[in-house]
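Undergrad: with the input below, show me the fold.
(one chain, ligands or ions: 1)
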Amino acid sequence: MSYLRQRARKRIPGFAFDYLDGGCNEEVNLRRNRDDLRDIQLMPRYLEPYSGANLDTELFGHRYKAPFGVAPIGLQGLIWPGAPKILAKAATAHGLPFILSTVGTASLEEISKLTEGTSWFQFYHPAEDRVRDDLLNRAASAGIRVLVLLCDTPTFGFRPREIRRGLAMPPKITPANILQMLGRPRWTLNTLREGVPRFANLLPYMPRRMNLQQLGVFMDGFFEKRMTRDKIACIRDRWKGTLLLKGVSTLDDAETALKLGLDGIIVSNHGGRQHDAGPSSIQSLNQIHRSLAGKIPLMMDSGVRSGTDIARAMAFGASAVFLGRAFMYGVAALGHRGGDHVAALLEAQLRQVMEQIGCHSPEELFEYRE
Ligand SMILES: Cc1cc2nc3c(=O)[nH]c(=O)nc-3n(C[C@H](O)[C@H](O)[C@H](O)COP(=O)(O)O)c2cc1C
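TA: Purely as a prediction, here's the structure:
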């Protein structure tokens, strides 16, 4: 993965790379996610009878070909033109779940069609009830079955690398940013071909022809950032499909999610982009799993970069694992081949580690923790 990351850095403008790669504040939580995960050891059983690894995974009534998927990333098209479509197609071809962000650069209708109704939709809560209901209706009409509510963005994360690049709201087009684009002709040509990335899901609610200043004001007022129990309960009433909560990092919040009737939890700290003094995601998963194992499916993201990391997270109780940056490094490094490459790489790495330790299925990984 570090090779793909380095190649991505060379292929996309600096502002796009820092947007993807950076964490908040001093990037302590970004590093902690990685370090704590990498510390996990899996114990091999070389002398037990073994009949091979099967990666099939059942999640919410659907069979996937492996226990991992693509995490939602806003403004994917800024990182690499057409990225949501590239990743949605790759995920579908590999039988993996793909989660589209509300602030993604492809519409939920287009992605649901592309993924034959298997994509999930991450829901940023709009400030207006009318827009909330319209987005929920659109998702249901498009055939989306899994809605992912987000709870870890009550504030805009303080991300120095983005601020230095002018990626605040409103964004600034600085001479340095223009120079960076000119230095990355392949990215620039692809952007011209695909068109300037837009918040495709929000277009029906946006005034036409806004300048960047107006866009900043619009985006600031459009979402209600803080998630509350009332908002979750209200969506639980309205959404008939599977409802997950993403961004949970403590047992208290996980227990609240369970009480509110959520169908699953994605333990996550947004890849270290929001709260620099928080626990690593694997630490959170460990704590939550000790109390809630078997009561509600627990999934995890943040810090996962390889098939071995996927196995490590599953050994700590995850029923599935999501990756944000890893998939995007692949697309930024390899363009339209990137999604396919990363999916195949992770699958091969996960299978290898399972065969190495003598584990038959993803669920069984739990028995291999040290
Ligand atoms: C550039 C970037 C943008 C993101 N945008 C969103 C978003 O719009 N919605 C969301 O739920 N999570 C978003 N996330 C968080 C990811 O869904 C996921 O939690 C995180 O990337 C996992 O960590 P990893 O990158 O170490 O795999 C974003 C992450 C990155 C890196």
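
Undergrad: skip the chain neighbours and tell me the closest residue to V131.
TA: Using C-beta to C-beta, 6 or more residues apart in numbering and skipping residues adjacent in sequence, the residue nearest V131 is Y205, 5.5 Å away. (Each C-beta comes from the backbone N, C-alpha and C, glycine too.)

Undergrad: tell me, how many residues neighbour that neighbour?
TA: Close neighbours of Y205, defined as other C-beta atoms under 10 Å, add up to 15.

Undergrad: so it makes contact with F223?
TA: No. The pair Y205 / F223 is not scored as a contact, 11.1 Å apart, by C-beta atoms under 8 Å.

Undergrad: joint contacts of those two?
TA: Counting by C-beta atoms under 8 Å, 6 or more residues apart in numbering, the shared contacts of Y205 and F223 are P126.

Undergrad: circling back to that earlier point, where does the residue nearest to V131 land on pLDDT?
TA: Note on Y205: pLDDT of 94.

Undergrad: helices or strands next to the helix or strand that contains T256 in the packing?
TA: Element membership of T256, judged by DSSP states H and E, is helix 251-259. If you count contacts as 3 or more C-beta pairs under 8 Å, 6 or more residues apart in numbering; DSSP states H and E, helix 251-259 packs onto strand 242-248, strand 264-267, helix 281-292.

Undergrad: what about V217, how many neighbours?
TA: V217 has 12 neighbouring residues, counting by other C-beta under 10 Å.

Undergrad: ok, it to L203 distance?
TA: 17 Å (C-beta to C-beta, to the nearest Å).

Undergrad: same thing with V28?
TA: Taking C-beta to C-beta as the measure, V28 falls 37 Å from L203.

Undergrad: looking at these two, which is more packed in?
TA: Between V28 and L203, V28 has the larger neighbour count (other C-beta under 10 Å), namely 16 against 10.

Undergrad: so what's that one closest to, chain neighbours aside?
TA: In space, and not counting its chain neighbours, V28 is closest to D276: 4.9 Å by C-beta to C-beta, 6+ apart.

Undergrad: next one: A139
TA: With C-beta to C-beta, 6+ apart as the criterion, A139 has its nearest non-adjacent residue at 4.9 Å, and that residue is F121.

Undergrad: can you tell me the element the one you found falls in?
TA: Following DSSP H and E, the helix or strand that holds F121 is strand 120-123.

Undergrad: hmm, who's touching the helix or strand just after that strand?
TA: Remark: after strand 120-123, the chain's next helix or strand is helix 129-141, criterion DSSP H and E. The contact list for helix 129-141 (C-beta under 8 Å, 6+ apart) reads 102, 108-109, 121, 123, 125-126, 147, 201, 204-205, 222, 235, 238-241.

Undergrad: now the angle from the next helix or strand after helix 129-141 to helix 251-259?
TA: Using DSSP H and E, the next helix or strand after helix 129-141 towards the C-terminus is strand 146-150. Going by axes from the mean of the first three to the mean of the last three C-alpha atoms, to 10 degrees, strand 146-150 is angled at 140 degrees with respect to helix 251-259.

Undergrad: tell me what strand 146-150 is packed against?
TA: For strand 146-150, the elements it packs on are strand 120-123, helix 229-238, strand 242-248, judged by 3+ C-beta pairs under 8 Å, 6+ apart.

Undergrad: tell me which of these is the most buried.
TA: Of all the helices and strands packed on strand 146-150, strand 120-123 has the most neighbours on average by mean count of other C-beta atoms under 10 Å, namely a mean of 26.

Undergrad: list the neighbouring strands of that one plus their orientation.
TA: Note on strand 120-123: by DSSP bridges, its sheet partners are strand 99-101 (parallel), strand 146-150 (parallel).

Undergrad: right, so of those strands, which gets closest to A83?
TA: Closest to A83 of the strands paired with strand 120-123 is strand 99-101 (C-beta to C-beta; 11.2 Å).

Undergrad: please, which helix or strand holds the residue lying closest to T308 once chain neighbours are set aside?
TA: In space, and not counting its chain neighbours, T308 is closest to V353: 5.1 Å by C-beta to C-beta, 6+ apart. Assigned by DSSP H and E, V353 belongs to helix 338-357.

Undergrad: in that helix, which residues are buried?
TA: Buried residues in helix 338-357, counted by 16 or more other C-beta atoms under 10 Å: 338-343, 345-347, 349-351, 353-354, 357.

Undergrad: of those, closest to T188?
TA: Using C-beta to C-beta, the buried residues of helix 338-357 come closest to T188 at G338, 17.7 Å.

Undergrad: quick one: that closest one and R7, what's the gap?
TA: Look at G338 and R7: by C-beta to C-beta, they are 10 Å apart.

Undergrad: list residues touching both of the two?
TA: Common contacts of G338 and R7 (C-beta under 8 Å, 6+ apart): 329, 332.
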